[in-house]
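J.: I would like to see how this sequence folds:
(one chain, ligands or ions: 2)
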Amino acid sequence: MAVYTQIGAEAMAALIAEFDVGQLVSAKGIAEGVSNSNWLLETTGDGAGGTRFILTMYEFRIELDDLPYFLSLLDHLAAKGCPVPRTIHDRDGALYRMRPNPDGELKALALIEFLPGVSVSDPTPAQARAVGAALAGMHTAASDFAGTRDNAMGLAEWQRLFDACGADGLAQIDPHLASLVTEHLPQVAAAWPTDLPTSVIHADLFPDNVLMLGDRVTGLIDFYFACNDLTAYDVAVTHAAWCFDDSGRNFRPDLSSALLEGYESLRPLSPQERAALPLLAQGAALRFTATRAYDWLNTPADALVTRKDPMAFARRLQFYADNQDIFA
Ligand SMILES: Nc1ncnc2c1ncn2[C@@H]1O[C@H](COP(=O)(O)OP(=O)(O)OP(=O)(O)O)[C@@H](O)[C@H]1O
Ligand SMILES: N[C@@H](CCO)C(=O)O
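T.: Ligands and ions are numbered 1, 2, ... in the order given. Here you go, the predicted structure:
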């Protein structure tokens with residue numbers, strides 16, 4: 001569940017009155033997600049258009065200084081026709097508001113447009129193709145976005161997270177994990193490209209961050225890892241997230257070709273980008289192995305969240321290292 005902070009009906013109505021969206025009709029906490037508290041709101045809907053909105057209270061992990069980047073990126077992409085929720089500005093034009101939670105801690109809150117659709121758990125090639133095209137559309141549409149943000153989840157951070165886990169911690173997860181990391185991380189780091197095109201990237205485009213109706217992408221959400229980095233790395237992250245079963249044991253070549261075809265229908269990869277994909281995909285697998293391993297060891301047993309299996313991405317790492325020809 002992800003509603004960490006309770007907001008009473010009167011306080012919610014008063015908060016919503018700060019936006020030109022009509023009066024509050026209902027507010028329901030959303031169970032999905034782990035980082036923030038989210039509510040689905042329905043209003044009588046006057047000014048800003050629409051009657052359904054997502055209210056997010058930023059609880060952990062997000063730096064306040066990064067919020068203008070994330071929220072104005074949504075506006076930029078939505079204005080260019082990408083299936084991305086726009087930010088509803090308050091009556092003063094602000095992208096977010098600050099509000100004390102019941103413990104008196106100031107928290108940031110933002111209202112964004114609700115988009116229809118569901119997250120698929122067993123994608124078809126047609127859906128993978130549509131996701132590839134939506135990713136390319138996003139990269140292209142962001143090319144004139146003025147904001148910049150470094151990738152806080154880049155190579156140096158993977159290294160830091162693995163170090164924090166320690167060899168013993170990694171061995172607790174799986175006896176082979178430490179040697180897998182020691183074998184691949186230095187090689188990937190040494191060969192990491194520096195001369196490929198960069199852009200705004202989503203950096204976490206997993207199926208649960210894509211809303212779909214049939215074969216159509218209706219929403220790209222959760223831009224809270226978005227940053228400026230190698231464009232092809234985002235393709236690699238999306239590939240790692242979409243082209244295997246959850247356990248990482250079974251690669252799906254049909255989804256892989258569909259995703260890449262969809263991507264290249266809008267933004268063809270350069271020969272250099274394509275040649276780098278095997279390495280970038282190993283990097284993507286290392287990134288999610290690192291964060292999942294760290295969370296595995298550091299999430300208290302009574303926490304509300306379900307830990308995600310690091311080995312699902314360690315298996316992808318091994319697969320990408322052993323099968324570099326899949327991107328040829
Ligand atoms: N704009 C939107 N339109 C419709 N539903 C949305 C929208 N934004 C978020 N949601 C719903 O809220 C859920 C949680 O959102 P989100 O993934 O942003 O939360 P989070 O706490 O940041 O999650 P994560 O665990 O991925 O860090 C999503 O799974 C989706 O069901
Ligand atoms: N999408 C990530 C969580 C957010 O970084 C994962 O599945 O590990």
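J.: Which residue, neighbours along the chain excluded, lies closest to L111?
T.: If the residues on either side of it in the chain are set aside, L111 comes closest to I88, at 4.2 Å by C-beta to C-beta, 6 or more residues apart in numbering. All C-beta spots, glycine's among them, are computed from the backbone N, C-alpha and C.
J.: How is the closest residue to T291 other than its chain neighbours assigned, secondary-structure-wise?
T.: Spatial nearest neighbour of T291, excluding adjacent residues (C-beta to C-beta, 6+ apart): L161 at 6.4 Å. Counting by DSSP: H, G, I helix; E, B strand; the rest coil, the backbone at L161 sits in helix.
J.: Check the gap between L161 and ligand 1 for me.
T.: According to C-beta to the nearest ligand atom, to the nearest Å, L161 and ligand 1 sit 16 Å apart.
J.: And for G166?
T.: 25 Å.
J.: Would you agree that residue falls within a strand?
T.: No. The assignment for G166, made by three-state DSSP, is helix rather than a strand.
J.: follow-up on the earlier one: what about the residue nearest to L111, how many residues nearby?
T.: 22 (other C-beta atoms under 10 Å).
J.: T194: neighbouring residues, count only.
T.: Look at T194: counted by other C-beta under 10 Å, it has 6 neighbours.
J.: Next, count neighbours for D75.
T.: Considering only other C-beta under 10 Å, D75 is surrounded by 18 other residues.
J.: Enumerate every residue touching it.
T.: By C-beta atoms under 8 Å, 6 or more residues apart in numbering, the contact set of D75 is R86, T87.
J.: Let's see that with 10 Å instead.
T.: Counting by C-beta atoms under 10 Å, 6 or more residues apart in numbering, D75 makes contact with V84, P85, R86, T87, I88, H89, L95, I112, F145.
J.: What sits closest to the first one if chain neighbours are left out?
T.: This means V84. Closest residue in space to V84, ignoring its immediate chain neighbours: L77 at 4.1 Å, by C-beta to C-beta, 6+ apart.
J.: The one you found: what's it in contact with?
T.: Per C-beta under 10 Å, 6+ apart, neighbours of L77: 83-86, 137-138, 141-142, 145, 200, 202, 220, 223, 226.
J.: Centroid-nearest residue for the protein?
T.: Centroid check for the chain by C-alpha atoms, centre = their mean gives D204 as the closest residue, at 3.1 Å.
J.: This structure - how does it break down into domains?
T.: Following automatic domain parsing, one finds the domains of the chain at 9-113, 125-327.
J.: End to end on the longest one, go ahead and measure it.
T.: Same thing as domain 125-327. Domain 125-327 has an end-to-end distance of 17 Å (criterion: C-alpha to C-alpha, to the nearest Å).
J.: same question, stretch 223-236
T.: End-to-end distance of stretch 223-236 (C-alpha to C-alpha): 17 Å.
J.: what mean pLDDT would you report for it?
T.: When pLDDT is averaged over stretch 223-236, the result is 98.
J.: and what of stretch 71-83?
T.: If you average the pLDDT over stretch 71-83, you get 98.
J.: buried sites along that stretch?
T.: Going by neighbour count (16 or more other C-beta atoms under 10 Å), the buried part of stretch 71-83 is L71, L73, L74, D75, H76, L77, A78, K80, C82, P83.
J.: any idea whether the residue nearest to V84 is helix, strand or coil?
T.: Following three-state DSSP, the label given to L77 is helix.
J.: ok, now how distant is it from A133?
T.: Distance of L77 to A133, given as C-beta to C-beta, to the nearest Å: 14 Å.
J.: Same question for G219.
T.: In terms of C-beta to C-beta, G219 sits 14 Å off from A133.
J.: try M212
T.: Counting by C-beta to C-beta, the gap from M212 to A133 is 12 Å.
J.: now do A285
T.: For A285, the distance to A133 (C-beta to C-beta) stands at 23 Å.
J.: Which residue of those two possesses the greater neighbour count?
T.: Remark: of A285 and A133, A285 carries more neighbours, 29 against 19, as counted by other C-beta under 10 Å.
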